[in-house]
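>>> quick one, fold the following:
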Amino acid sequence: MKQMRLWTGLLVVALTMTACAPVVPVPAQPVEPAAAEEAPAELGTIVDIAVGAGDFNTLVAAVTAAGLAETLQGEGPFTVFAPTDAAFAALPEGTVEALLEDPAGALTDILLYHVVAGKVMSGDLSDGMTAETVQGAPITVGIADGVVTINEATVVVADIEASNGVIHVIDAVILPPAEEEAAAEEAPAEEASAELGTIVDIAVGAGDFNTLVAAVTAAGLVETLQGEGPFTVFAPTDAAFAALPEGTVEALLEDPAGALTDILLYHVVAGKVMSGDLSDGMTAETVLGAPITVGIADGVVTINEATVVAADIEASNGVIHVIDAVILPPAE
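Alright, predicted model coming up:
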C-alpha cells in the first residue's frame with residue numbers, strides 16, 4: 001500500500017512539471033515559389049516563328065532573297081499576313097521561280113504588300129476597313145459569317161504573336177494593284193501560247209478532219225498552215241468530203257498540185273476573222289484569189305452553200321470555222 005501511494009505521488013509530480021515546462025518554437029520552413037511566378041518563355045521574332053513553323057518555307061526563302069529578313073527581325077512591331085507554302089504553290093507555274101530571279105523587283109513589292117506597320121490583332125479588324133501596307137498600297141479587310149478575308153485571301157490562323165509583332169496566316173498570295181493588273185493582262189497571252197496549237201495541230205487532234213489533213217499534207221500546205229499567219233480556215237469535216245461524188249477525193253489526191261491545192265486555198269482567208277466579224281452578204285477574198293460569200297439568216301451562217309456548224313475554234317495562228325460541205329472555187 002505504501003508503494004502504491006509513492007508511485008501515485010511521483011506520477012502527479014511528473015505531470016505537473018510537464019505542464020509547466022516552457023514551449024520551444026519550431027523554425028519556419030521556407031516556402032518554394034509557385035510555378036506561376038516563373039518567367040514566361042521568350043517569344044521569337046516573326047522570322048524565327050516562320051522558320052520554326054515549317055509551313056512557310058517559300059515565304060522564308062522569298063524574304064531572304066529580297067533581303068528583308070533583317071527588317072522583319074527588327075524591333076517593329078509589324079503585322080504580317082503570311083501565305084503558306086500551299087498558297088505559293090497555287091500561283092501559275094514558274095511564277096515563284098521568276099520572282100526569285102529578280103528579288104529586288106516585283107518580289108520585294110509583293111512581300112511588303114503583306115506587311116502592315118504596327119501590331120494589328122484580329123480583334124482590331126472590321127468589315128470593309130482598309131490598311132496601308134509597308135509597300136504603300138492598301139489592303140481591304142472583309143468579315144462575313146466569322147470568316148476574315150484580306151483582299152481575296154482567307155485568314156486561316158490568326159493572332160500568332162511574336163516578340164516584334166503578330167502573324168496572321170492566309171491561304172493565298174495577295175498582289176498589289178499594279179502587279180495584279182499586270183498578271184491579269186499577261187495570263188491570257190501566256191495561256192494562249194502555252195495551250196493553243198496551230199491550225200494544223202488542232203485539225204489533227206480533233207479527229208473529224210482526217211480527209212482535210214490528208215489533202216493538206218498531199219498538197220504540201222502543212223508548213224504554210226503551221227506558219228505565223230494569222231489565217232481563217234473554213235474546215236470541211238470528213239462527212240463533208242464523203243458527200244462529194246464517188247471517186248472525187250481519190251482523183252484530187254492523185255493530182256495534189258492541181259485542183260486539190262486550188263480547192264484547199266479557197267477555204268482559207270488571210271487574217272483572223274471571228275464569227276462576230278461576219279455580216280450577211282459580205283464577201284471575203286480567199287488565199288486562192290476568188291471570193292467567198294457570207295450569208296446569215298435566223299442565226300445560221302453559211303459560206304457559199306456550206307453551213308457553219310462550229311465557229312471560232314481559236315488556234316495560235318488563227319481560227320477555224322467548221323463547215324458541213326466542201327466549197328468549190330468558181331472555175332471548178
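>>> any stretches of the protein with poor pLDDT?
Low-confidence segments of the chain (pLDDT under 70): 1-41, 179-194, 332.
>>> which residues of it fall in strands?
According to DSSP state E, the chain carries its strands in the segments 78-83, 115-117, 130-132, 138-144, 147-150, 153-162, 165-170, 231-236, 268-270, 283-285, 291-297, 300-303, 306-315, 318-323.
>>> export these to CSV and append columns for distance to residue 222 and mean neighbour count.
Using the backbone N, CA and C atoms, a C-beta is placed for each residue, glycine as well. Listed next are those as CSV, based on distance: least, Cβ to Cβ, whole Å; neighbours: other Cβ atoms under 10 Å:
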stretch, distance to residue 222, mean neighbour count
strand 78-83, 47, 24
strand 115-117, 55, 20
strand 130-132, 57, 13
strand 138-144, 52, 16
strand 147-150, 51, 17
strand 153-162, 48, 16
strand 165-170, 50, 23
strand 231-236, 13, 24
strand 268-270, 13, 20
strand 283-285, 23, 13
strand 291-297, 22, 15
strand 300-303, 23, 17
strand 306-315, 14, 16
strand 318-323, 14, 23
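>>> CSV please, covering the ones you listed and showing distance to residue 55.
Below are these laid out as CSV (distance: least, Cβ to Cβ, whole Å):
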stretch, distance to residue 55
strand 78-83, 9
strand 115-117, 18
strand 130-132, 24
strand 138-144, 21
strand 147-150, 17
strand 153-162, 9
strand 165-170, 8
strand 231-236, 50
strand 268-270, 55
strand 283-285, 58
strand 291-297, 58
strand 300-303, 55
strand 306-315, 40
strand 318-323, 46
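>>> so which of those strands gets nearest residue 59?
strand 78-83 (5.9 Å; Cβ to Cβ).
>>> pull up the pairing partners for that closest one, direction included.
strand 115-117 (antiparallel), strand 165-170 (parallel) (DSSP bridges).
>>> how about these in TSV, adding distance to residue 151?
Output for these, formatted as TSV (distance: least, Cβ to Cβ, whole Å):
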stretch	distance to residue 151
strand 115-117	13
strand 165-170	9
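>>> can you say which of the ones you listed is nearest to residue 279?
Proximity to residue 279 (Cβ to Cβ) singles out strand 165-170 among those, at 50.1 Å.
>>> so that closest one versus strand 153-162, what angle?
Put simply, strand 165-170 runs at 150 degrees to strand 153-162, going by axes from the mean of the first three to the mean of the last three Cα atoms, to 10 degrees.
>>> how about strand 165-170 as PDB, C-alpha atoms only?
Output of strand 165-170 as PDB, limited to C-alpha atoms (Å, rounded to 0.1, in the frame of the first residue of the first chain):
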ATOM      1  CA  GLY A 165       4.500  41.800 -83.900                       C
ATOM      2  CA  VAL A 166       1.900  39.300 -85.000                       C
ATOM      3  CA  ILE A 167       1.300  36.900 -87.800                       C
ATOM      4  CA  HIS A 168      -2.000  36.100 -89.400                       C
ATOM      5  CA  VAL A 169      -1.800  33.000 -91.800                       C
ATOM      6  CA  ILE A 170      -3.600  33.400 -95.200                       C
END
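>>> returning to what we had before: residue 132 is nearest to which of the strands paired with strand 78-83?
Closest to residue 132 of these is strand 115-117 (Cβ to Cβ; 7.2 Å).
>>> what residues does the closest one touch?
72, 77, 78, 79, 80, 81, 131, 132, 133, 134, 135, 139 (Cβ atoms under 8 Å, 6 or more residues apart in numbering).
>>> which residues does the fourth one bridge with?
Put plainly, it is residue 79. The partner residues for residue 79, given DSSP bridges, come to residue 116, residue 166.
>>> got a list of what it touches?
By Cβ under 8 Å, 6+ apart, the residues touching residue 79 are 115, 116, 117, 118, 119, 120, 165, 166, 167, 168.
>>> can you check residue 133 too?
Residue 133 sits next to 112, 113, 114, 115, 116, 139, 176 when contact means Cβ under 8 Å, 6+ apart.
>>> and those, which two are furthest apart?
Within these, 116 and 176 form the most distant pair, 13.1 Å apart (Cβ to Cβ).
>>> between the contacts of strand 115-117, which is nearest residue 147?
Closest to residue 147, out of all of the contacts of strand 115-117 and judged by Cβ to Cβ, is residue 81, at 14.7 Å.
>>> shouldn't that closest one be in contact with residue 174?
Yes - counting by Cβ atoms under 8 Å, residue 81 touches residue 174, with 7.1 Å between them.
>>> so what sits against both of those two?
114, 139, 150, 153.
>>> distance to residue 216 added to these, as JSON lines?
Conversion of those to JSON lines gives the following (distance: Cβ to Cβ, whole Å):
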{"residue": "114", "distance to residue 216": "53"}
{"residue": "139", "distance to residue 216": "54"}
{"residue": "150", "distance to residue 216": "53"}
{"residue": "153", "distance to residue 216": "49"}
